[in-house]
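Novice: coords please:
(one chain, ligands or ions: 1)
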Amino acid sequence: MPPSTSFDVLIIGGSLAGSASALLLLRDNPALRIGIIEKSTHFPRRVGEATVEVSGYFLSRVLGLTGFLNETQLTKQGMRFWFATPETRSLPECSEVGGRYLARVPAWQVDRSTLDEEVLRRAVVAGAHLLRPAKARNVQLAPGGTQTVTVESANGTETLSARWIIDASGFTALVARQQGWLRPNTDHPTTACWARWRGVQDWDNLDLARRFPEWGAACHGIRNTATNHVVGDGWWAWFIPLRGGDTSVGVVFDQRRVQWPEGPAPLGDRLKSFLCAHPAAAEILREATPIDGDVKWRAQLAYTCDPIASDGVVLAGDAAGFIDPFYSPGMDWLSYTTTRAVELVRRTLAGEPVAPLVNAHNTDFNRSINRWFDAVYRDKYAWMGDYELLRIGFQLDLGMYYLGVVSQPFRDGPGALRDPVFSLPPSNIPYRLMATYNRRLARISEKRRRRGTFGQANHKQRYLLNGFLPDRSTGKPVLRAILSWLALELREGWRP
Ligand SMILES: Cc1cc2nc3c(=O)[nH]c(=O)nc-3n(C[C@H](O)[C@H](O)[C@H](O)COP(=O)(O)OP(=O)(O)OC[C@H]3O[C@@H](n4cnc5c(N)ncnc54)[C@H](O)[C@@H]3O)c2cc1C
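Specialist: Below you'll find the predicted structure:
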């Protein structure tokens, strides 16, 4: 067999999860023969644009992209949420939750078409063999033996082989779908519609600051480069600015709670009219239009894969599962799945027994994704549209993330990314606490709906946080948020 068809590792998908895997493997062992199969000729823009603290750490400190990110992308300023009631008429009347100052731990708003191209370029410079454009069609697994992939390209159809396959094909999830490993999460029926837009107003522009001086002065940081979330009952929308002036704007909704506007109008027009029913979006999108050909729709976003690894194949990034884009955890998941996939391949190629490593891999990631969903996302869409509930829930979620998750790589280094969220025993109690308050807030939201008080504080309230640090100092604000939750329970949780 000619050398170019036989590899140590074949990677399906050359975007972030795939190229990062290649880069990390080659950094450890430059002699490895790594092939990357990528079907696109160039990466289009796509979702996965807001990094958070863990994915920011992975891109900057693990992959070494800090300089590139600073020069070519935007520094992110945390998350911000905007609420409204039917009486809310203008942006400053919308209740707001967000940071008062700039963020203290780095993260970026990234254009994936340029970021992924750079990571792939670096993987090729490091020695990866790139097949592009080339589409992986079929994967034949031989546990413990040689795996084969049928690939179509301009050269026709060929069969490539490798000891290991890393499936980084994103939502395509080629291996998981072919093997019947992919399970839609039917407890979480969410749909998304999004586009890149031109003409979106800058949240910090002078016109807004002059028209609404008190509103402008309330935030001492920068609102525009945050991920701004416009929130309604059962849905939320993201506003993510990209370097160069375009803005990614999209909505995610719970299919059980939101009736999406159907009709003959183009999807982009319906997206705009849906969003502009909210005064914050109406102001910011007044002059904006979705870029032609860039309006996307995806139903049933959430799925898990079981197993995530077997002897000869391991899944990374979206190919290994997806929960929800709220709070932008996708690239955190990618950071963990990629780090550990690389570890699995590296150790088994060095001669360690495969079975125990594969078993531990599956146990850890199954527990992680199931608990992550349970602790943070189950029934979240029931209460995210209520300012008071989200103010408490967001502080708790963010504080727990800083205390238990973000603190780990900053304290222990990149090795901390081998252990995905909620996979280690010390996370048992935080997991139960998070699952409990999320469940309780959902229950309280239903009571509020029955009493007609849901979202009452969505008008003219503002809550600006000073920002958290990834250390014990975050314990105090978390404790305060727990007390706010308990006070809420006393006021209305157990009320008949
Ligand atoms: C609505 C929505 C919003 C999101 N927002 C965020 C966010 O703000 N922040 C965040 O962190 N995450 C977000 N995510 C998740 C985000 O998409 C993922 O974190 C990230 O893009 C996954 O990257 P990846 O490399 O695994 O897959 P992808 O970026 O999907 O890349 C897969 C690659 O595989 C290639 N490929 C596919 N099939 C084949 C084949 N058969 N042969 C060869 N190549 C193939 C594709 O061309 C592509 O290049 C969002 C997801 C959704 C659905």
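
Novice: past the helix or strand that Glu283 is a member of, which element shows up next along the chain?
Specialist: Assigned by DSSP states H and E, Glu283 falls within helix 279-284. Toward the C-terminal end, the helix or strand that comes next after helix 279-284 (DSSP H and E) is strand 289-290.

Novice: from Ser335, how far off is Gly245?
Specialist: Applying Cβ to Cβ, to the nearest Å, one obtains 28 Å for the distance of Gly245 from Ser335. Where you see a C-beta, it was placed from the backbone N, CA and C, and this is true even at glycine.

Novice: which of those two has more neighbours?
Specialist: More crowded of Gly245 and Ser335, by other Cβ atoms under 10 Å: Ser335, with 29 against 10.

Novice: distance of the more buried one from Trp108?
Specialist: When distance is defined by Cβ to Cβ, Ser335 is 14 Å away from Trp108.

Novice: got it, and Arg210?
Specialist: Remark: distance between Arg210 and Trp108 (Cβ to Cβ) = 30 Å.

Novice: ok, those two, which is more surrounded?
Specialist: Neighbours around Arg210 and Trp108, counted as other Cβ under 10 Å, are more numerous at Trp108. The numbers are 26 against 9.

Novice: could I get the average pLDDT for the longest helix along the chain?
Specialist: Ranked by residue count and defined by DSSP state H, the top helix of the chain is helix 428-451. Across helix 428-451, the average pLDDT comes to 97.

Novice: check which element follows it along the chain.
Specialist: Scanning the chain past helix 428-451 towards its C-terminal end, the next helix or strand to appear is strand 462-465 (assignment: DSSP H and E).

Novice: pairing partners for that next one, with directions?
Specialist: Strand 462-465 has these partner strands in its sheet, going by DSSP bridges: strand 95-99 (parallel).

Novice: hmm, who's touching the partner strand?
Specialist: Around strand 95-99, the neighbours that count as contacts under Cβ atoms under 8 Å, 6 or more residues apart in numbering are 77-84, 218-219, 221, 223, 226, 387, 390-391, 394, 457-467.

Novice: again with stretch 349-364
Specialist: Stretch 349-364 is contacted from outside by 8, 29, 32, 144, 163-164, 306-311, 314, 340, 344, 347-348, 419-420, 423, using Cβ under 8 Å, 6+ apart.

Novice: the same query, at a cut-off of 6 Å, please.
Specialist: For stretch 349-364, contacts defined as Cβ atoms under 6 Å, 6 or more residues apart in numbering pick out Pro307, Ile308, Ala309, Asp311, Leu344, Thr348, Pro420, Ser423.

Novice: out of those residues, who's nearest the ligand?
Specialist: Closest approach to the ligand among the contacts of stretch 349-364 (Cβ to the nearest ligand atom): Ile308, at 12.9 Å.

Novice: dump the residue contacts of that closest one.
Specialist: Listed by Cβ under 6 Å, 6+ apart, the contact partners of Ile308 are Leu315, Ala320, Asn362, Phe365.

Novice: out of the residues you listed, which are inside helices?
Specialist: Using DSSP H, those in helices are Asn362, Phe365.

Novice: out of the contacts of strand 95-99, who's near the ligand?
Specialist: The overlap between these and the neighbourhood of the ligand (criterion: Cβ under 6 Å from any ligand atom) is empty.

Novice: which members of these are classed as buried?
Specialist: If you count burial by 16 or more other Cβ atoms under 10 Å, the buried members of these come out as 77-84, 219, 221, 223, 226, 387, 390-391, 394, 457-459, 461-465, 467.

Novice: can you list the strands that the longest strand belonging to the chain pairs with?
Specialist: If each strand of the chain is counted by residues according to DSSP state E, the longest one is strand 156-167. For strand 156-167, sheet partners with direction are given as strand 6-12 (parallel), strand 147-153 (antiparallel), strand 313-315 (parallel), following DSSP bridges.

Novice: OK, contacts around the residue lying closest to Asp379 once chain neighbours are set aside?
Specialist: Here the nearest residue to Asp379 in space, its sequence neighbours aside, is Ala442; by Cβ to Cβ, 6 or more residues apart in numbering that works out to 4.0 Å. For Ala442, the residues meeting the contact criterion (Cβ under 6 Å, 6+ apart) are Asp379, Ala382, Trp383.

Novice: from Trp197, how far off is Ala442?
Specialist: 32 Å.

Novice: how about the strands in the stretch 151-300 of the chain?
Specialist: 156-167, 182-184, 190-198, 227-232, 235-241, 247-254, 289-290, 296-298 (DSSP state E, counting those that start in this stretch).

Novice: with mean pLDDT, mean neighbour count and distance to Arg480 as extra columns, can I get those in TSV?
Specialist: TSV is the format used below for the strands of the stretch 151-300 of the chain (pLDDT from 0 to 100; neighbours: other Cβ atoms under 10 Å; distance: least, Cβ to Cβ, whole Å):
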stretch	mean pLDDT	mean neighbour count	distance to Arg480
strand 156-167	97	21	43
strand 182-184	97	14	38
strand 190-198	98	22	31
strand 227-232	98	24	22
strand 235-241	98	24	25
strand 247-254	98	23	29
strand 289-290	97	18	41
strand 296-298	97	15	38
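
Novice: can you put these in CSV and add distance to Tyr101?
Specialist: Below are those laid out as CSV (distance: least, Cβ to Cβ, whole Å):
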stretch, distance to Tyr101
strand 156-167, 40
strand 182-184, 41
strand 190-198, 28
strand 227-232, 16
strand 235-241, 19
strand 247-254, 23
strand 289-290, 32
strand 296-298, 34
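
Novice: just put these in a markdown table and tack on distance to the ligand.
Specialist: Shown next, in a markdown table, are the strands of the stretch 151-300 of the chain (distance: least, Cβ to the nearest ligand atom, whole Å):
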| stretch | distance to the ligand |
| --- | --- |
| strand 156-167 | 9 |
| strand 182-184 | 14 |
| strand 190-198 | 4 |
| strand 227-232 | 7 |
| strand 235-241 | 6 |
| strand 247-254 | 6 |
| strand 289-290 | 14 |
| strand 296-298 | 6 |
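
Novice: of those strands, which is nearest Ala128?
Specialist: Nearest to Ala128 among the strands of the stretch 151-300 of the chain is strand 156-167 (11.5 Å), distances taken as Cβ to Cβ.

Novice: list of residues touching that closest one?
Specialist: Contacts of strand 156-167 from elsewhere in the structure, counted by Cβ under 6 Å, 6+ apart, are 5-12, 21, 146-151, 174-175, 313-316, 319, 341, 345.
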